[in-house]
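>>> coords below, sequence missing:
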């Protein structure tokens with residue numbers, strides 16, 4: 001029997017999404033090797049585990065995890081040999097049944113040296129810990145700042161020194177910090193484990209000092225080896241800097257598990273959770289519903305039904321502001337408020353057509369008020385982005401689109417409940433802001449492989465930039481043939497498309513991860529669980545909505 005047009009489109013979309021997921025898995029497979037197999041073998045010969053092996057050993061077996069920033073540094077620093085995963089592995093997971101965040105230097109990548117992106121990634125881990133009162137475990141094995149790029153990591157506000165400032169802030173706020181010196185820990189980096197609550201050091205492989213033996217000799221003429229200068233015996237028996245001397249990586253990690261098992265319980269924020277129910281709709285239907293061609297409309301509600309418990313949505317103002325869907329639902333038992341761009345073409349109450357993925361005045365007004373209600377009820381917010389921006393034109397401007405857009409941005413900015421953002425498709429211009437982009441402090445922000453993040457689409461940007469280029473060339477007296485114009489357009493679009501890729505965003509930590517859409521429920525559920533460890537102490541400011 002011949003397939004219908006809808007079934008053919010579904011199958012085509014599914015194939016397209018699975019190809020993108022396969023490509024993602026291939027790239028991650030390379031990244032997981034860090035500095036390569038030879039470097040891993042060398043580490044093993046020294047009796048050490050790799051960063052990922054350490055994390056696997058530390059985390060509770062069979063439990064869920066979220067890796068943050070696996071694609072950090074992707075395609076960057078190629079002139080320096082690359083920097084896989086930014087030279088540090090960061091995972092949210094469970095140690096002795098307690099959710100925490102683990103930060104492990106990857107010594108196979110330039111001996112764990114800190115590149116600029118390494119600093120940014122470490123600061124992101126600390127930000128997650130501070131926002132959610134989440135215990136943080138550092139597995140230190142680093143040669144310090146990568147000197148050829150020291151000017152990009154050393155002196156500024158969000159550079160290397162901010163790490164130690166955050167150590168002090170977390171300590172004052174009672175956020176548990178445990179550090180293990182499992183390799184090199186030198187210069188300014190030596191402050192991190194000592195500013196933690198407790199520190200461990202591995203005998204014979206761990207060393208910690210402000211200056212190594214070569215620098216000591218150059219500075220004061222003293223000849224000394226690194227082990228006596230700052231090894232485990234020195235730093236636990238003579239200086240008393242470290243609290244626990246352990247014989248190997250396994251013992252070190254087992255001791256951390258013991259320390260974590262003794263932490264007292266925290267008072268939660270009280271977000272509502274009941275027993276989890278799987279969606280009635282097959283989760284893998286996401287692959288077929290989401291269109292390969294980004295300009296095509298799709299049944300957004302059907303997609304949401306593959307994500308939420310029992311596939312049940314309770315819509316807020318369902319017949320008003322239809323280009324944004326606002327709904328109550330549950331994800332893995334957690335009560336959530338969903339704000340999703342509706343990609344269907346709809347009609348408003350006046351019978352006027354509205355384009356899917358575009359934010360109109362009525363949808364901005366609805367979303368702002370829904371955000372306010374969720375704040376009053378202390379319900380975490382989930383933003384699902386597939387947005388091309390706000391509606392433009394004389395009618396929209398005269399109707400106050402800027403005012404209503406500002407109202408939505410204000411609501412997102414002032415929201416005090418935890419926010420989680422999933423970029424499914426388009427994330428363009430001010431639409432990115434209104435739908436809780438990176439600048440609006442989502443607790444976690446992830447992208448599907450189909451995401452595109454930019455001021456505008458590649459085609460739209462290329463057309464705009466092409467006109468500027470043509471005008472410049474004509475001003476120089478050059479003749480522009482149709483062939484030349486097409487060549488210029490394609491060149492500009494290719495360059496711009498590269499920058500809209502989710503890989504480009506992930507490499508710069510504009511998003512925390514690129515995920516398989518099937519993992520969306522897990523990311524949101526674990527995210528709310530960590531947010532529940534931090535009580536809400538502020539009130540939502542409703543003043544901006546009183547217009």
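Nice, thanks for sending it over. Bear in mind the structure is a predicted one, so any value in this text is a computation, not a measurement. Numbering: from 1, shown residues only.

>>> Confirm residue 340 sits in a strand?
Yes - assessed by DSSP: H, G, I helix; E, B strand; the rest coil, residue 340 belongs to a strand.

>>> who touches the closest residue to it other than its chain neighbours in this structure?
Using C-beta to C-beta, 6 or more residues apart in numbering and skipping residues adjacent in sequence, the residue nearest residue 340 is residue 384, 3.9 Å away. Backbone N, C-alpha and C define where each C-beta goes, glycine included. By C-beta atoms under 8 Å, 6 or more residues apart in numbering, the contact set of residue 384 is 304, 338, 339, 340, 341, 422, 424.

>>> Tell me the secondary structure at the last one.
When states are read from three-state DSSP, the local structure at residue 424 comes out as strand.

>>> ok, back up a step: pretty sure the residue nearest to residue 340 sits in a strand.
Yes - using three-state DSSP, the assignment for residue 384 is a strand.

>>> give me the beta-bridge partners of it?
Legend: beta-bridge partners of residue 384 under DSSP bridges are residue 340, residue 422.

>>> Need the pLDDT of it.
With respect to pLDDT, residue 384 scores 98.

>>> What of residue 256?
For residue 256, the predicted pLDDT is 98.

>>> swap in residue 228?
78.

>>> Just confirm it is within a strand.
No - according to three-state DSSP, residue 228 belongs to no strand; its state is helix.

>>> still on that earlier bit, now that we have the contacts of residue 384, which one has the most neighbours?
With neighbours taken as other C-beta atoms under 10 Å, the top of the contacts of residue 384 is residue 339, carrying 30 neighbours.

>>> wait, isn't that one in contact with residue 321?
No - shown here, residue 339 and residue 321 do not form a contact pair, counting by C-beta atoms under 8 Å, at 11.0 Å.

>>> what residue ranges in the protein are flagged as low confidence?
The chain contains residues with pLDDT under 70 at 1, 188, 211-214, 216-217, 458, 543-547.

>>> Need the outlier residue of it, farthest from its centre.
Within the chain, the residue lying farthest from the chain centre (C-alpha atoms, centre = their mean) is residue 477, at 47.9 Å.

>>> Quick check: that residue vs residue 491, distance?
Between residue 477 and residue 491 the computed distance is 21 Å (C-beta to C-beta, to the nearest Å).

>>> from the contacts of residue 384, which is closest to residue 84?
residue 422 (25.3 Å; C-beta to C-beta).

>>> residue contacts, that closest one?
Residue 422 touches 382, 383, 384, 385, 445, 446, 447, 448, 520, 523, 524, counting by C-beta under 8 Å, 6+ apart.

>>> May I ask which of these has the most neighbours?
Counting by other C-beta under 10 Å, top hit in those: residue 382 with 29 neighbours.

>>> and it, how far is that from residue 467?
39 Å.

>>> Then residue 99?
Residue 99 is 52 Å from residue 467, by C-beta to C-beta.

>>> Looking at the two, which is more packed in?
More crowded of residue 99 and residue 467, by other C-beta under 10 Å: residue 99, with 18 against 10.

>>> nearest spatial neighbour of residue 526, skipping sequence neighbours?
residue 66 is the one closest to residue 526 (C-beta to C-beta, 6+ apart), at 5.7 Å.

>>> In the sheet, which residues pair with the one you found? Tell me.
With DSSP bridges as the rule, residue 66 is bridged to residue 92.

>>> And for residue 427?
residue 387, residue 453.

>>> Residue 381: what's it in contact with?
336, 337, 338, 339, 371, 374, 415, 417, 418, 419, 420, 436.

>>> Output these in a markdown table, with secondary structure and distance to residue 122 appended to each entry.
Shown next, in a markdown table, are those (DSSP: H, G, I helix; E, B strand; the rest coil; distance: C-beta to C-beta, whole Å):
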| residue | secondary structure | distance to residue 122 |
| --- | --- | --- |
| 336 | strand | 29 |
| 337 | strand | 32 |
| 338 | strand | 32 |
| 339 | strand | 31 |
| 371 | helix | 31 |
| 374 | helix | 32 |
| 415 | coil | 27 |
| 417 | coil | 27 |
| 418 | coil | 22 |
| 419 | strand | 23 |
| 420 | strand | 22 |
| 436 | coil | 24 |
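
>>> Looking at neighbours, which among those is most surrounded?
residue 339 (30 neighbours).

>>> Let me know the distance separating that one from residue 317.
12 Å.

>>> do the same with residue 161
In terms of C-beta to C-beta, residue 161 sits 48 Å off from residue 317.

>>> Does residue 320 touch residue 367 like I think?
No - contact criterion C-beta under 8 Å: residue 320 and residue 367 do not qualify, at 10.8 Å.

>>> Please say which of the two ends up with more neighbours.
residue 367 (29 against 14).

>>> Grab the nearest non-local neighbour of the more buried one.
residue 324 (4.8 Å).

>>> Contacts made by stretch 461-469 with the rest, please.
In contact with stretch 461-469 (C-beta under 8 Å, 6+ apart) are residues 454, 455, 456, 485, 488, 489, 492, 493, 496.

>>> from these, which is closest to residue 103?
Checking these one by one against residue 103 (C-beta to C-beta), the nearest turns out to be residue 454, at 30.3 Å.

>>> What about that closest one, how many residues nearby?
Neighbour tally, residue 454, other C-beta under 10 Å: 20.
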